[in-house]
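Engineer: Requesting a structural model of the entry that follows:
(one chain, ligands or ions: 3)
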Amino acid sequence: MVDSSKDVNGGFPGDKKITVVFVLGGPGSGKGTQCAKIVENFGFTHLSAGDLLRAEIKSGSENGSMISNMIKEGKIVPSEVTVELLQKAMLESGNDKFLIDGFPRNEENRATFENVTKIEPEFILFFNCPEEEMERRLLSRNQGRDDDNIETIRKRFRVFVESSVPVVEYYDMKGKVRKVDALKPIDEVFEAVKAVFDPFHVKVE
Ligand SMILES: Nc1ncnc2c1ncn2[C@@H]1O[C@H](COP(=O)(O)OP(=O)(O)O)[C@@H](O)[C@H]1O
Ligand SMILES: Nc1ccn([C@@H]2O[C@H](COP(=O)(O)OP(=O)(O)O)[C@@H](O)[C@H]2O)c(=O)n1
Ligand SMILES: [Mg+2]
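Structural biologist: Ligands and ions are numbered 1, 2, ... in the order given. The predicted structure follows:
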């Protein structure tokens, strides 16, 4: 018998509704920082595409050196790799609500996720931040990342403007973008983030 639920639910078991929020914004805009706070306050699982790719390098996967080279150059890793990692993490989590951070970063990311999972995001949380502030934050992030050097940062900003902003514009045309001023202090940014999540009644006590 053909299980048609697979076609409408991205391979997730049964007909459980899957809620996905894409969290976008330039490098250093505060996506990871705010996602951690959303997880503390609401019942979401945080999946950072960049973290999953870095974990894949560490695991000694055959794609490791390709991923590592692309990250050092600030380039976007082929979508089939990233979408597979995201889908695996979603299934393993057992949750039905996901913050997908740093994805989709280009049209190919967006189309591949849509084709593979058939999931349409609930909304896009977008952190708006000037480049000079993002540059300052990245240069003092101190997480030992190979790509937080000024040369790679400039490349990442360029990729953001050329490839990622068009994805945000695509969703903006659909009325799905919730834009937040990310230049403010962390707690003030989170106040604005909470206002975006509250109407969705997803808070867990
Ligand atoms: N609103 C903020 N004001 C000042 N610094 C911030 C703010 N949000 C995040 N940071 C800091 O900036 C750096 C980048 O934040 P991060 O959350 O890793 O951004 P992203 O995931 O978008 O690259 C981190 O060192 C973080 O502590
Ligand atoms: N969807 C994605 C997300 C990240 N990446 C790669 O991972 C790098 C770091 O992404 P990240 O989201 O951790 O970076 P930040 O925006 O958090 O600083 C990107 O510059 C890309 O090289 C990717 O190829 N595809
Ligand atoms: Mg991040």
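
Engineer: what about G60, how many neighbours?
Structural biologist: Under the neighbour criterion other CB atoms under 10 Å, G60 is assigned a count of 7. Just so you know, the C-beta spots here come from the backbone N, C-alpha and C atoms, and that holds for glycine as well.

Engineer: Please apply the same query to V83.
Structural biologist: Taking other CB under 10 Å as the criterion, the count of residues near V83 is 22.

Engineer: Am I right that it falls within a strand?
Structural biologist: No. Secondary structure of V83, determined by DSSP: H, G, I helix; E, B strand; the rest coil: helix, with no strand assignment.

Engineer: Wait, it touches T112, no?
Structural biologist: Yes. Taking CB atoms under 8 Å as the contact criterion, V83 and T112 are neighbours in contact, 4.9 Å apart.

Engineer: Dig out what the one residue sitting closest to the centre of the chain forms beta bridges with.
Structural biologist: Against the mean C-alpha coordinate of the chain, by CA atoms, centre = their mean, the closest residue is D101 at 1.9 Å. D101 has the following beta-bridge partners by DSSP bridges: V23, S48.

Engineer: Quick one: residues contacting it.
Structural biologist: With contacts defined as CB atoms under 8 Å, 6 or more residues apart in numbering, the neighbours of D101 are 23, 31-32, 35, 46-51.

Engineer: Can you give me the pLDDT of it?
Structural biologist: Confidence per residue is given as pLDDT, and for D101 that number is 99.

Engineer: Check K16 too.
Structural biologist: Taken from the predicted model, the pLDDT recorded for K16 is 78.

Engineer: Validate this expectation: it resides in a helix.
Structural biologist: No. When three-state DSSP is applied, K16 is found to be coil, with no helix at that position.

Engineer: That one touches K97, doesn't it?
Structural biologist: No. The pair K16 and K97 fails to qualify as a contact (CB under 8 Å) at a distance of 10.6 Å.

Engineer: Now the residue of the chain found nearest ligand 3: which helix or strand?
Structural biologist: Using CB to the ion, the single residue of the chain nearest to ligand 3 is G32, 3.6 Å away. Assessed by DSSP states H and E, G32 sits inside helix 31-41.

Engineer: just Y171 next, same as before
Structural biologist: Mapping Y171 onto the secondary structure by DSSP H and E places it in helix 165-173.

Engineer: Can you point out the buried residues in that helix?
Structural biologist: Neighbour-count burial for helix 165-173, with 16 or more other CB atoms under 10 Å as criterion, is recorded at 167-168, 171.

Engineer: tell me the mean pLDDT over stretch 136-151?
Structural biologist: If you average the pLDDT over stretch 136-151, you get 97.

Engineer: Use 52 as the first number for this chain going forward.
Structural biologist: All set: I'll call the first residue 52, so the last point we hit is now stretch 187-202.

Engineer: For the protein, which residues score under the pLDDT cut-off?
Structural biologist: Across the chain, residues meeting the criterion (pLDDT under 70) sit at 52-66, 250-256.

Engineer: Which residues of it lie near ligand 1?
Structural biologist: The interface of the chain toward ligand 1, taken as CB under 6 Å from any ligand atom, is made up of 76, 78-84, 188, 192, 236-237, 240.
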